[in-house]
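Q: predicted model and sequence below, questions to follow.
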Amino acid sequence: MEAEVRVALGFQAATAPGSQAPVPDAPLASSTTSWSLASRSAIVWGLTDRLSWSVATLALACRLDDSDRYDLALWGGLLGWGLYFSQGGGVGATFTLGLGLDARYWLAENESVFAQAGVYSYAARSAPNDVLPTTWWATPLVGYSRTFKRIVTLNIAFSVALNFLVEARAPRPHEIRTTLAVGSVHNLGLRPQPLLQFHVLGWLSIDTYFGGAFTPEARVWAVSALQGATFAF
């Protein structure tokens with residue numbers, strides 16, 4: 001059994017025309033940029049040589065098949081949760097649900113391409129305004145990974161997110177949202193993938209995350225940059 005801890009802290013900047021929220025008909029004449037702290041974390045424990053558990057959530061990943069040339073992994077469950085303070089002074093909770101399949105093809109011992117097909121939804125608990133997981137997003141993704149001289153690994157991906165359900169129904173034309181993202185914008189299995197991973201020791205790496213996203217219908221963009229580390233046990 002093995003365990004891996006990944007933590008990172010940084011910031012996110014988002015700009016929307018006339019508002020910090022995605023408003024499709026907002027005027028282009030004015031824009032608002034918001035700054036916020038951002039973090040990524042994962043504690044993954046290998047229950048068996050094929051089954052992994054994301055500690056502190058109810059998410060599991062299972063390696064379906066592997067060979068010298070390709071890997072397949074199925075993952076899903078409660079992918080994340082968090083707490084926040086509402087404007088009324090109460091405490092709320094948010095939840096991320098998801099299910100997906102990862103495929104990686106090895107071009108060489110230190111080089112691979114990968115693809116992912118996943119679906120996600122979000123829920124929130126903050127009485128009386130609970131949000132049920134009735135809006136779902138499909139997120140196909142493709143990417144490339146290479147390790148140079150066993151010193152640094154590059155992971156870069158491009159994804160498209162599309163809401164195919166809105167409140168448990170097909171979205172109306174004005175409700176459709178697509179988000180294009182590039183950079184370190186993905187997980188493989190249950191592990192966040194940094195854009196650059198510097199291998200310091202066998203059990204330690206220093207990780208740099210950087211990615212950008214754009215939602216054309218709402219004219220909203222976001223950029224995030226984080227620095228962190230991976231510890232393997």
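A: Cool, the structure landed. Here the structure is a predicted model, which is why all the values come from computation and not from measurement.
Q: in contact with the closest residue to Pro171 other than its chain neighbours, which residues?
A: The spatially closest residue to Pro171, leaving aside those adjacent along the chain, is Asn163, at 5.7 Å (C-beta to C-beta, 6 or more residues apart in numbering). Quick note: C-beta positions are derived from backbone N, CA and C, even for glycine. Residues near Asn163 by C-beta atoms under 8 Å, 6 or more residues apart in numbering: 135-137, 171, 175-177.
Q: and the gap between Asn163 and Ser34?
A: Asn163 is 22 Å from Ser34, where distance means C-beta to C-beta, to the nearest Å.
Q: look up the closest residue to the residue positioned nearest the centre of the chain, ignoring the ones flanking it.
A: Nearest residue to the geometric centre of the chain (C-alpha atoms, centre = their mean): His186, 4.5 Å. Closest residue to His186 apart from its sequence neighbours, by C-beta to C-beta, 6+ apart: Ala157 at 4.4 Å.
Q: quick one: that neighbour from Ser39, how far?
A: Ala157 sits 19 Å away from Ser39, taking C-beta to C-beta as the criterion.
Q: compare these two (neighbour count), which wins?
A: Ala157 (23 against 13; other C-beta atoms under 10 Å).
Q: host element of that one?
A: Per DSSP states H and E: Ala157 is located in strand 152-165.
Q: what's the answer for Thr33, then?
A: With DSSP H and E as the test, Thr33 turns up in strand 32-46.
Q: may I see the buried residues of that strand?
A: Buried residues in strand 32-46, counting neighbours by 16 or more other C-beta atoms under 10 Å, are found at 38, 40, 42-45.
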